Every structure is written in C-alpha cells, then in structure tokens.
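Undergrad: Next comes the sequence, and after it the predicted model I'd like to discuss.
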Number of protein chains: 2
Amino acid sequence: MEEGIEVAVSTVIFALRHDSARDCTSLWMPLVRRVREPYAGRWALPGGPVRRDEDLADTARRTLVATTALSPTYLEQLYTFGRAERSASGPRVISVVYWALVRPEEAERGIEDENVAWHPADRPPELAFDHRTIVSYALWRLRTKMEYSRIAQAFLGETFTLAQLRQVYEVVLQRTLDPANFRRQVEASGDVEPTGEYLVGGRHRPPKLYRHREANDLADNGPLTGL
Amino acid sequence: MEEGIEVAVSTVIFALRHDSARDCTSLWMPLVRRVREPYAGRWALPGGPVRRDEDLADTARRTLVATTALSPTYLEQLYTFGRAERSASGPRVISVVYWALVRPEEAERGIEDENVAWHPADRPPELAFDHRTIVSYALWRLRTKMEYSRIAQAFLGETFTLAQLRQVYEVVLQRTLDPANFRRQVEASGDVEPTGEYLVGGRHRPPKLYRHREANDLADNGPLTGL
C-alpha cells in the first residue's frame, strides 16, 4: 500500500422546495461555503474526512448533521470518486459519495448558518473540486432510479396524495405527466396503499391519502441492509 | 484526515460456465488463494492496493489481468466496503469493489495458475475478510439489475439466440422462464435486434441470431461515461 491517499465522505442532499423567485417547486441542495484553501470561498458538498474508527455511512451522517443540521429519511452510498488527478495539488483524496433525500417540511425549515445555503440542483454556483461532476452524476442517478424504484416516496411525508407523488416525478424528471395514466401506473405497481383518510381542506372532493407500503425500506441494499 | 486508512480495489467476476459435475450451466467466479497472512491459504477476490497515480478502475483492470488474465466485457464500480471493524487486526482497509462480467468463450478457456480457480458463485468456499458478504451483495445486485437493465447481454458474445439470452436469465435468477413470454418481453423492450443471420447447425429450423442494440454501453454510468 502506498502512502499519500486520503479518504473522505461527501454527501449530495436533494429536497423539493418552493422557488419563490419562479413561483414553482424545484429540486434544491444545500451547499457549504469553503473557508479554507484549496477553493476558499467556493461552494462545496457537505462532508469531511473519515475517522479511523468510523463506518463510512456514519461519517456521512455526522458531517451532514454538523454542516446542515438535516436528518434525511433516505441515505445511501452513491459512488466512489477516485480519479488520480482530481486533487490538482496536495495529497490524493478518494471521496466516497453518499446521497440523501430530505422531506419537504425539513427542507422548508431553512438553515441557520451564513456559510450553508440551499441552491437549485440543476443550476448550482461554481463548485470546488470535481463536485460539479458529482452533482451531475447524482441527478442522473436520481432520474434513472425513479423509473424503476420507489425512491420518489423519500421526498414525501408519511402520507401523501397521488398529486403530490406525481409532482415529485414532474419536478425531478422535468416534464408533465398525465394524471390518469400516472394514477393507473402507481396503483398497478402496488408500491403505495390508501390510508383510508382524506386530505383535510376546504375542497368539495378532498383527495385520498396514501402511504408507502414498506415504510423503512426505500433504500434497498439487499444483503447489506442492517450491516 | 487521520492516519492509518488504506485503499484497495477488489473485483467480483461472474461468468456462465458448464458444470460437468451437475451437467448444467451455472454462475461461476474466479478466486485467488492467499499466500500471505492474514487468511493465508483462504480463497479471496482478485484485487490489490491502489497506486498513488492510478484511477480506481485502472487498479481493477490491472489486478484483474495480473491474477486471472481475464479481460471482461463489462466492468463497473459496485460498492465501497469500509466498515471500521472489517480488518480485525492491522491497518484499516477500505475496499472499492468493482464487478466484472466475462463472456463464455473466455470463461471456458480456463486459468493457468495453481492459486487461481473458478468456483460456483452461490456455493463459494470459505473466503478471506468480508468477501462472503461482498459476493452475496454482488449476486443480489446482479439479480436485481437484470430485471431493469440489459446487463444479461454482457454474458454473451456479439451475437446470440433468444434461447441463449433466456438461459442467462434462468441461470442467474435460478428459475425457469416461459420461452414465448420471454420472446415477447425481449422483442417489446427493443434492447436487441435481429442480425438477419441464423445459428449455423444441423437443425431443420435454425434459430435467429440477435445482437445488442448499443454494443458498448451495457454499463451505463451516465455523466461518468468516458471519464
């Protein structure tokens, strides 16, 4: 084993937030402003070095809470970035990247730190290191994975209407979906079930509420679950 | 960044091979017998430490060729295993695990090394480190990914019959599939196209040959492709 390789964890955090400037809901992520060189002043993904006695997922959780105070409902390993030339100077750093999805009520609460702020995921500011590539990859994986998994539900609370679930797909995939087709597909998939309750409100016909069929298993890691 | 973390790459290699003992085709993987402590004498996944100036995928390719002389058609990053207590003694090692799929003609050629041998993927011998967990995870990912991607085609040559493609699914998923249903699903997916040729042989009605629709893109990494 050669000297000079360091291991860090970074996390891409996505949430749906209301964009008051454009009066629409879109995909946002919190970024941290670097206060040290290299890239001092630039925005970067939250993260930090792996401690000697710490599991990788624990590093992700610890640095995520320390920088953003967010506790995501979905946290999963995404990819390990280790191109030899990615750190232009200094030691070589291999980044194990996690991604996290946060529910809207937590995302709307805001962040009380001048060096941490939400940014639109598809129009980020100039980022440190190769974090722009990492964000592009995470966005691509999110869009791909929504086609064959229940990951969209991680953006929602315990219960939700089909219109809310459809909005998640529309915002992430950036296209309009037909409500009737969407309802048929979701009902055929068996991924959600009606709670028997209705959304409280002043409407004449309040919409039905649904819930995840298996609440705690949105990040499916097969034999690694619970490890 | 704390001292004492080392980074290595290991690769799980899968291929379909004929099992003469059971007279059937099943899923196999090459393993390397360790000649040094820890776990001297035990079988382990091919791999080795990451060199200072080497991309992670290049470490995977280099160690794979050095130990097994195989050049897989499909090589993709699988998962990074970094549980703090995984190395009982000595330095902490974080393993970036790749997985590779090999075509049958290469898998049947055999390996000319007394410390490298093919083993049945679902009944491996006792393995070093946490490699048993890694193999279980790789098998689970292969079975899951076959349901929504074209990964099965990586086990086959340039051209193949639908019966050969179906056999890949049957062997990996360990269940029998209805030939007519399978044909309909594959034709509807648009993942393969007829070559216009037929399998050469003595049969009365030789089966049609098919090929991948996009030959070089079975491991789809989106924005990371070509990086």
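TA: Noted; the coordinates are in hand.
Undergrad: From here on, just use CA atoms for contacts and neighbour counts.
TA: OK.
Undergrad: anything in the lengthiest helix in chain A sitting right up against chain B?
TA: Taking DSSP state H as the criterion, chain A has its longest helix at helix A:131-146. Yes: legend: contact between helix A:131-146 and chain B by CA under 8 Å from any CA of the partner chain is shown at A:133, A:136, A:137, A:140, A:141.
Undergrad: Can you add neighbour count, distance to residue A:27 and pLDDT and give the residues you listed back as a markdown table?
TA: Output for the residues of helix A:131-146 next to chain B, formatted as a markdown table (neighbours: other CA atoms under 10 Å in any protein chain shown; distance: CA to CA, whole Å; pLDDT from 0 to 100):
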| residue | neighbour count | distance to residue A:27 | pLDDT |
| --- | --- | --- | --- |
| A:133 | 15 | 17 | 94 |
| A:136 | 16 | 13 | 95 |
| A:137 | 18 | 15 | 95 |
| A:140 | 17 | 13 | 95 |
| A:141 | 15 | 14 | 94 |
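Undergrad: Which two of those residues have the greatest separation?
TA: A:133 and A:141 (12.3 Å; CA to CA).
Undergrad: what comes up buried for stretch A:70-89?
TA: Across stretch A:70-89, burial judged by 16 or more other CA atoms under 10 Å in any protein chain shown covers A:70-84.
Undergrad: before we move on, what about stretch A:120-137?
TA: A:120, A:121, A:127, A:128, A:129, A:131, A:132, A:134, A:135, A:136, A:137.
Undergrad: could you redo those residues as CSV and give each row distance to residue A:206?
TA: CSV is the format used below for the buried residues of stretch A:120-137 (distance: CA to CA, whole Å):
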residue, distance to residue A:206
A:120, 32
A:121, 32
A:127, 44
A:128, 47
A:129, 48
A:131, 43
A:132, 42
A:134, 41
A:135, 38
A:136, 38
A:137, 39
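Undergrad: List just the nearest of these to chain B.
TA: residue A:137 (5.6 Å; CA to the nearest CA).
Undergrad: outside of stretch A:137-155, which residues touch it?
TA: If you take CA atoms under 8 Å, 6 or more residues apart in numbering or on different chains as the criterion, stretch A:137-155 is touched by A:12, A:15-16, A:73-74, A:78, A:99, A:101-104, A:121, A:165, A:168-169, A:172-173, A:191, A:212, A:218-219, B:148, B:222-224.
Undergrad: Need the buried ones from those residues selected in PyMOL.
TA: Buried residues among the contacts of stretch A:137-155 (16+ other CA under 10 Å), as a PyMOL selection:
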select buried, (chain A and resi 12+15+16+73+74+78+99+101+102+103+104+121+165+168+169+172+173+212+218+219) or (chain B and resi 223)
